[in-house]
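A.B. asks: Can you look at this prediction? I've put the sequence above it.
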Amino acid sequence: MTFDLTALDPALLGPPFLAGLLILATHVPLGRQVLARGIVFLDLAVAQIAGLGVIAAHFAGIESGWMVQVFAVLAAIAGALLLHWSERRWPETQEALIGSVFVVAASAGLLMLAHDPHGGESLHDLLAGQILWVSNSQLIAAMLVTAVLGVLLLVGAAHISLGFYLLFACAVTLSVQLAGIYLVFASLILPALAVRRLPGRSGLMIAWAIGAAGYALGLVFSAMFDLPSGAMIVCALAWMAVVYGFLPRIPTKIKPSR
């Protein structure tokens, strides 16, 4: 396999890296909440439902960017409300219900794309994303939405059960459009999993650093070796999480000398 250092163009890699930082800004704190609640696959389910909204808009012949976003957001919010209700009604089976919602939404999407000549390409974009080709208009919209979600996270809206589900739906809808379902799940879970034993702000900061390093390395290697960016970033995030897991820990308490 050959590599090309000339492919490391800041003009090409800068926008997707910024998109990754915007995704991490909301997904790291939400990921820690997901682990604490024990509903790891919520991200996949809500992301798939948001993707189903995109497919439904395409199926209805709607190509306008903002209308597609409306379909995606409404679908994700509807899915989040359904899962919030099921958590209150059947908390003991919530994880199984989340998995069921994911597989049903994925199957519905396949059925809607069955007779679309470009269905395979649309499905690939939904799953693996096209973060390398993120546009300036997408970045501006992502900055605005991330700023609003960030304020809501800071004031503790995600600590309320319904608030968590609604914030989650909005954040995932945005990130799926930028990065695809696989990378969204990896951004949510892998940094949070790596720092699961670290409390508060220190855990957040280290998780953000792990995520940022994963995006940077993934983009660099995908450009150098001409590999799919989304898949490469997922692998880089996993690698950074594993590397951090094996780093020696600095003792937090000093034992008194005898």
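C.D. replies: Cool, the structure landed.
A.B. asks: any weak-confidence spans in this protein?
C.D. replies: 1-7, 63-65, 119, 249-258 (pLDDT under 70).
A.B. asks: which residue sits closest to the residue nearest the centre of it in space, ignoring its chain neighbours?
C.D. replies: Nearest residue to the geometric centre of the chain (CA atoms, centre = their mean): V184, 2.1 Å. Excluding its sequence neighbours, the residue lying closest to V184 (CB to CB, 6 or more residues apart in numbering) is S175, at 4.6 Å. C-beta: built from backbone N, CA, C; applies to glycine.
A.B. asks: count of residues packed around that neighbour?
C.D. replies: 31 (other CB atoms under 10 Å).
A.B. asks: and it, what does it touch?
C.D. replies: Going by CB atoms under 8 Å, 6 or more residues apart in numbering, S175 touches I23, T26, H27, A47, L183, V184, S187.
A.B. asks: that older thread, could you measure from the residue nearest to the centre of the chain over to T93?
C.D. replies: 24 Å (CB to CB, to the nearest Å).
A.B. asks: Check L166 too.
C.D. replies: 22 Å.
A.B. asks: Also I23?
C.D. replies: Per CB to CB, I23 is found 30 Å from T93.
A.B. asks: Between these two, which has more neighbouring residues?
C.D. replies: I23 (26 against 12).
A.B. asks: Under a three-state scheme, what state does that one occupy?
C.D. replies: Following DSSP: H, G, I helix; E, B strand; the rest coil, I23 is assigned to helix.
A.B. asks: check contacts around it.
C.D. replies: If you count contacts by CB under 8 Å, 6+ apart, I23 has them with L174, S175, L178, A179, L183, V184, S187.
A.B. asks: which of these are buried?
C.D. replies: Burial by neighbour count, 16 or more other CB atoms under 10 Å: within these this picks out L174, S175, L178, A179, L183, V184, S187.
A.B. asks: now for these, which pair is the farthest apart?
C.D. replies: Pairwise distances across those (CB to CB) peak at 12.8 Å, for the pair L174 and L183.
A.B. asks: Spell out, range by range, the helices that occur in the chain.
C.D. replies: If DSSP state H is used as the criterion, the helices of the chain fall at 10-37, 42-59, 65-89, 94-112, 119-128, 136-154, 161-179, 181-194, 200-225, 229-246.
A.B. asks: what separates L30 from P91, distance-wise?
C.D. replies: 20 Å.
A.B. asks: again with Q177
C.D. replies: Taking CB to CB, one finds Q177 at 31 Å from P91.
A.B. asks: try L44
C.D. replies: 19 Å.
A.B. asks: show me the contacts for the residue nearest to V73 when sequence neighbours are not counted.
C.D. replies: Nearest non-adjacent residue to V73, counting by CB to CB, 6+ apart: T173, 5.0 Å away. With contacts defined as CB under 8 Å, 6+ apart, T173 is in contact with A50, G53, Q69, A72, V73, A76.
A.B. asks: let's go with 7 Å and repeat that
C.D. replies: For T173, the contact set (CB atoms under 7 Å, 6 or more residues apart in numbering) comprises A50, A72, V73, A76.
A.B. asks: Pull the most distant pair out of these.
C.D. replies: Every pair of these checked by CB to CB; the farthest is A50 and V73, at 7.5 Å.
A.B. asks: In terms of neighbours, single out the busier of those two.
C.D. replies: Each of A50 and V73 has its neighbours counted (other CB under 10 Å); A50 has more, 32 against 18.
A.B. asks: list the contacts for that one?
C.D. replies: So A50 contacts A72, A75, A76, V172, T173, V176 (CB under 7 Å, 6+ apart).
A.B. asks: Looking at those, which is nearest A19?
C.D. replies: V176 (12.0 Å).
A.B. asks: from what I can see that closest one touches V184, true?
C.D. replies: Yes. With contact defined as CB atoms under 7 Å, V176 counts as touching V184 (5.5 Å).
A.B. asks: Mind listing the shared neighbours of those two?
C.D. replies: Contacts common to V176 and V184, judged by CB under 7 Å, 6+ apart, are A47.
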